[in-house]
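no FASTA, just this:
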């Protein structure tokens, strides 16, 4: 089933990207894709990498507070709160952000009403910042859930030992807890990275203007021109990006297994 | 534990201190103790900081959702006004009219999701068991194979799936959409099912085998029930993935199959924020329901085995 629904189309896309009817193998489509969309390639990389790093940072902070926090009401409230966006579909998140981050959206209006900001300073966040905010908002609960689960199952004695020896909670988190859950964190971040790389709805709905992400360019190439060759060349570029990340993950995994 | 420790009664510190600060001073070299007023000041400050942090967090979390809810009840809302000009349920009636687009796409969405779960479970239960228990030579490679549809940017795949499906007449059919959703959901279902089977205590199976149960009977009466919460969780994941899937349906389902996400997209891009917001709220209901019950199914020991 995977073969029919995935490997075959994958081969199909590679074939379409590298060949030209009548003239055999060619890199022409890549040249065209590069000329038209090199900015968008960099833009996509920038967005996805920034979002992944921010997601990891927030997930570590939240999971750390959940595991090491000593204020019961804070931990309880956070535990109830953080999971909300977990199953909210990307497209719903995009629609939320489309209204929330707009120039007249609830965010700017609240800031103005609180007196933090002048009405004239209000700007629309519906560009690259909007995409990053939406991605982070959506992915943090997922990574946090995995991370908090892993942190809950590590040996509490190691944490207590560190605390007893006088290490601060931050130090315990970084030096004792994180190394034990790094595998889970990596899996979560790799999955998030690739998910963000392949989301079509968020860049399409949150940021309409140029530059945009590769997914939108591919859809545009197909729907407006029926240009499968260039779209597939862009597709191959996004495979390469995802492949690099998968390779980093695999290498880490192999190294761990060699150590074990 | 409410005893005020008076360790310092020897004279070093005149004020009774709280348990926390006394504890800390047990483990670190003694510092000159802060005065009670200062301790109280810092405690108050840190509580305020925590309340403030939590408030900001909650605002960022729920602000977008609140805006969605406002839009769904707003009959008129334009630029200079911070809140809707007039409220009403006119658009809810439009959406829930039995003949409306929304109801038919809701039915389409739910039936596609159910079919997808069936297909995915049929693959993931045997596959998950095999990956967790049997000694497969290519175990890692197989795990990666199921990850692939998730690990490759899906848009590029869907374009070509749509092209292939078009040539065999599957575009715009429910079957086509279900197949695409199932291939996409398999990574969750197989990985979680494998983790769930791996978390089942092996000795229980061996005990069942020991008292004479056949391998098949052991599987159905011992292993499967014990792994059921994990399998349920994976089914929920697949159901939600299918319900929320946009990209695949966008390429494969057009023009006949209109699921809720497609309806949302079309109305949002058409500037009809009310319909879009109401559709979004409908899509939120199962998401939030599952979010509340997910912890019951997805135990920490299963989660920590995902991806290993």
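Cool, the structure landed. Owing to the predicted nature of the structure, the values given are computational and were not obtained by experimental measurement.

now residue 216: which helix or strand?
Going with chain A. Using DSSP states H and E, residue A:216 sits in helix A:214-220.

please refer instead to chain B.
Assigned by DSSP H and E, residue B:216 belongs to helix B:215-218.

mind giving me the packing neighbours of that helix?
Helix B:215-218 is packed against helix B:202-210, with contacts defined by 3 or more CB pairs under 8 Å, 6 or more residues apart in numbering or on different chains; DSSP states H and E. Heads up, the C-betas are built off the backbone N, CA and C, glycines and all.

which pLDDT does the model give residue B:299?
Note for residue B:299: predicted pLDDT of 60.

sorry, back to before: now do the helix holding residue A:216: distance to the chain's middle.
In terms of CA atoms, centre = their mean, to the nearest Å, the centre of helix A:214-220 is found 18 Å from the chain centre.

now stretch B:262-275
Centre-to-centre, stretch B:262-275 and its host chain are 24 Å apart (CA atoms, centre = their mean).

how far does it stretch from one end to the other?
Taking CA to CA, to the nearest Å, stretch B:262-275 runs 12 Å from one end to the other.

buried residues, the helix or strand that contains residue B:159. List them.
Following DSSP H and E, one finds residue B:159 within helix B:154-167. Within helix B:154-167, the residues that count as buried by 16 or more other CB atoms under 10 Å in any protein chain shown are B:154-165.

got the domain ranges for chain B?
As assigned by automatic domain parsing, chain B contains the domains B:36-88, B:100-303.

just these: most buried one?
With neighbours taken as mean count of other CB atoms under 10 Å in any protein chain shown, the domains of chain B reach their highest mean count in domain B:100-303, at a mean of 20.

what about residue A:166, distance to chain B?
Using CB to the nearest CB, to the nearest Å, residue A:166 is found at 5 Å from chain B.

could you say which helix or strand contains that residue?
Counting by DSSP H and E, no helix or strand carries residue A:166.

any stretches of the stretch 151-260 of chain A with poor pLDDT?
Residue ranges of the stretch 151-260 of chain A with pLDDT under 70: A:208-210, A:260.

and the helices in the stretch 101-250 of chain A?
Under the criterion DSSP state H, counting those that start in this stretch, helices of the stretch 101-250 of chain A are mapped to A:106-113, A:128-152, A:156-164, A:169-172, A:178-198, A:201-206, A:214-220, A:228-259.

hang on, the earlier thing: of all the buried residues of helix B:154-167, which comes closest to residue B:236?
Comparing the buried residues of helix B:154-167 against residue B:236 with CB to CB places residue B:154 closest, at 20.7 Å.

could I get the contacting residues of the closest residue to that closest one other than its chain neighbours?
Residue nearest to residue B:154 in three dimensions, not counting chain neighbours: residue A:198, with 4.3 Å by CB to CB, 6 or more residues apart in numbering or on different chains. The contact partners of residue A:198, by CB atoms under 8 Å, 6 or more residues apart in numbering or on different chains, come to A:215, A:238, B:152-155, B:247.

cool, residue B:62 as well?
For residue B:62, the contacting residues are residue A:84, by CB under 8 Å, 6+ apart.

so what does it have for phi and psi?
Reported as degrees, to the nearest 10, the phi and psi values for residue B:62 are phi -100, psi -10.

quick one, grab the pLDDT at it.
Per-residue pLDDT puts residue B:62 at 82.

per-residue confidence at the residue in the stretch 51-200 of chain B positioned nearest to chain A?
For the stretch 51-200 of chain B and chain A, the shortest gap (CB to the nearest CB) falls at residue B:156, measuring 2.6 Å. With respect to pLDDT, residue B:156 scores 77.

likewise for the one 4 residues further on?
Residue B:160 carries a pLDDT score of 79 in this model.

now residue A:111. Nearest residue, chain neighbours left out?
Using CB to CB, 6+ apart, the nearest residue to residue A:111 is residue A:117, at 4.3 Å.

ok, residue B:53 to residue A:82 distance?
Counting by CB to CB, to the nearest Å, the gap from residue B:53 to residue A:82 is 13 Å.

cool, and residue A:191?
Residue A:191 sits 18 Å away from residue A:82, going by CB to CB.

how much does the helix or strand hosting residue A:79 deviate in direction from helix A:128-152?
Per DSSP H and E, residue A:79 falls inside helix A:72-82. Relative orientation of helix A:72-82 and helix A:128-152, computed by axes from the mean of the first three to the mean of the last three CA atoms, to 10 degrees: 120 degrees.

what about helix A:72-82, near chain B?
Yes: contact of helix A:72-82 with chain B (CB under 8 Å from any CB of the partner chain) involves A:74, A:77-78, A:81-82.

ok, and what's touching whatever helix or strand comes next after that helix?
Next helix or strand after helix A:72-82 toward the C-terminus (DSSP H and E): helix A:90-100. With CB under 8 Å, 6+ apart as the test, helix A:90-100 has contacts from A:85, A:88, A:105-107, A:126, A:130, A:133-134, A:137-138, A:199, A:201-202, A:204-206, B:63-65, B:67-68, B:71, B:244, B:246, B:261, B:264-265, B:268, B:273, B:276-277, B:280, B:283-284, B:287.

what does the stretch 151-260 of chain A put close to chain B?
Checking the stretch 151-260 of chain A against chain B by CB under 8 Å from any CB, the hits are A:152-153, A:164-166, A:183-184, A:187, A:190-191, A:194-195, A:197-201, A:204-205, A:214-215, A:218-219, A:222, A:228, A:231-232, A:234-236, A:238-239, A:241-242, A:246, A:250, A:253.
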